[in-house]
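[1] Sequence first, predicted coordinates after that:
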Amino acid sequence: MKEVCKGERDMRSAEAPEDARMRILIAEDHPLVRDGIRQLLERQKDMEVVGEAADGEEAVQLAQQLQPDIVLMDITMPRLSGVEATRLIKQSSPHIAILVLSAYDDDAYVFALFEVGVAGYLLKSAKSSEVVEAVRAVWQGDSPLHPSIARKVLRRFQPSSGHPTREALSGRERELLRLVACGMPNHQIAMHLTVSVRTVQSHLSHIFTKLGAASRTEAVIIGLREGWLQLEELDLGEETEGGGSR
């Protein structure tokens, strides 16, 4: 399993159909960074930047007004933090996916954002191509995580005694959950298991129902707590020192 994770964790999602462009709102308080992100996304045929917010309050207002598919969210912004902005957006529009792009990888930020329902978390040290593919992955229902963020989440929720017993997963479901934990998007899981993407989505739906999970990340966390996944099976890359520039 570790070899599978190591060899196929990168995200290579296919572009969305031309008539189904992703509508994206950028929430970033630094104009230079915001302009760079907008230019990067607007070069993609399957993406459309529908709005830009310079602070958290504006992000909430524009999300409610524009109803984008995805919000690319910074954490530290004036007037309202990315954490609080995400919480408010998910409360009023739970269908909007939030992809965090931040220089911060502090535990407090990471866990607070997952508690309010982010779909994925990248650091600003990510390559431009990784940002683009992460946006596509979120569009397809995946949960892209920077390796250092994945390590924090998985290690926080290793098996512990006293957790409630849940309905057991089948062998096939556990195998699929391990691939999810490795960071594979649905189309790669489908290729690895030699099934259709629709079959993968159906399996994931059954897994979510059994576990009472609302996302891939939550399902993986439950799998770790239940002992169905072992952290040493998941090759998440080498630990790097410190976070990004702030």
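    Perfect, I can see it now.
[2] show me where the protein has helices.
    2-8, 31-42, 56-66, 82-92, 107-115, 128-139, 147-156, 171-181, 186-193, 197-211, 216-226 (DSSP state H).
[3] right, and these - which one's nearest L122?
    helix 128-139 (5.4 Å; C-beta to C-beta). For every residue, glycine as well, the C-beta is placed using N, CA and C.
[4] Looking at strand pairing, list the partners for the residue nearest to the spatial centre of the chain.
    Nearest to the centroid of the C-alpha atoms of the chain, with distances taken as C-alpha atoms, centre = their mean, sits G120, at 1.8 Å. Judged by DSSP bridges, the bridge partners of G120 are L99.
[5] For it, give its distance to L99.
    5 Å (C-beta to C-beta, to the nearest Å).
[6] Could you tell me which residues touch both of the two?
    A134, V138, P144 (C-beta atoms under 8 Å, 6 or more residues apart in numbering).
[7] So which bits of stretch 176-194 are buried?
    Within stretch 176-194, the residues scored as buried using 16 or more other C-beta atoms under 10 Å are 176-190, 192.
[8] Go through the residues you listed and name the one nearest S215.
    V180 (10.2 Å).
[9] Contact partners for the closest one?
    V180 neighbours (C-beta under 8 Å, 6+ apart): I189, L204, R216, A219, V220.
[10] ok, of these, which one's closest to M77?
    R216 (26.4 Å).
[11] correct me, but that closest one touches S205?
    No: contact criterion C-beta atoms under 8 Å: R216 and S205 do not qualify, at 11.4 Å.
[12] Which residues belonging to stretch 34-50 are considered buried?
    Neighbour-count burial for stretch 34-50 [16+ other C-beta under 10 Å]: R34, I37, R38, L40, L41, Q44, D46, M47, V49, V50.
[13] What of stretch 75-87?
    Under 16+ other C-beta under 10 Å, the buried positions of stretch 75-87 are I75, M77, L80, S81, G82, V83, E84, A85, T86, R87.
[14] just stretch 218-230 next, same as before
    E218, A219, V220, I221, I222, G223, L224, R225, E226, W228, L229.
[15] Go ahead and confirm the second one touches I207.
    To tie it back to what came earlier, the one meant is A219. Yes: with contact defined as C-beta under 8 Å, A219 reaches I207; the gap is 5.7 Å.
[16] list residues touching both of the two?
    Contacts common to A219 and I207, judged by C-beta under 8 Å, 6+ apart, are L177, A213.
[17] and G183, backbone torsions?
    phi 100, psi 10 (degrees, to the nearest 10).
[18] these two touch, right, it and E133?
    No: with contact defined as C-beta under 8 Å, G183 does not reach E133; the gap is 11.5 Å.
[19] In CSV: the buried residues of stretch 34-50, plus pLDDT.
    Shown next, in CSV, are the buried residues of stretch 34-50 (pLDDT from 0 to 100):
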residue, pLDDT
R34, 95
I37, 96
R38, 96
L40, 96
L41, 96
Q44, 94
D46, 94
M47, 96
V49, 97
V50, 97
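[20] which stretch among the helices of the chain comes nearest R21?
    Across the helices of the chain, R21 has its closest neighbour in helix 128-139 (9.8 Å, C-beta to C-beta).
[21] between the closest one and helix 31-42, how many degrees?
    70 degrees (axes from the mean of the first three to the mean of the last three C-alpha atoms, to 10 degrees).
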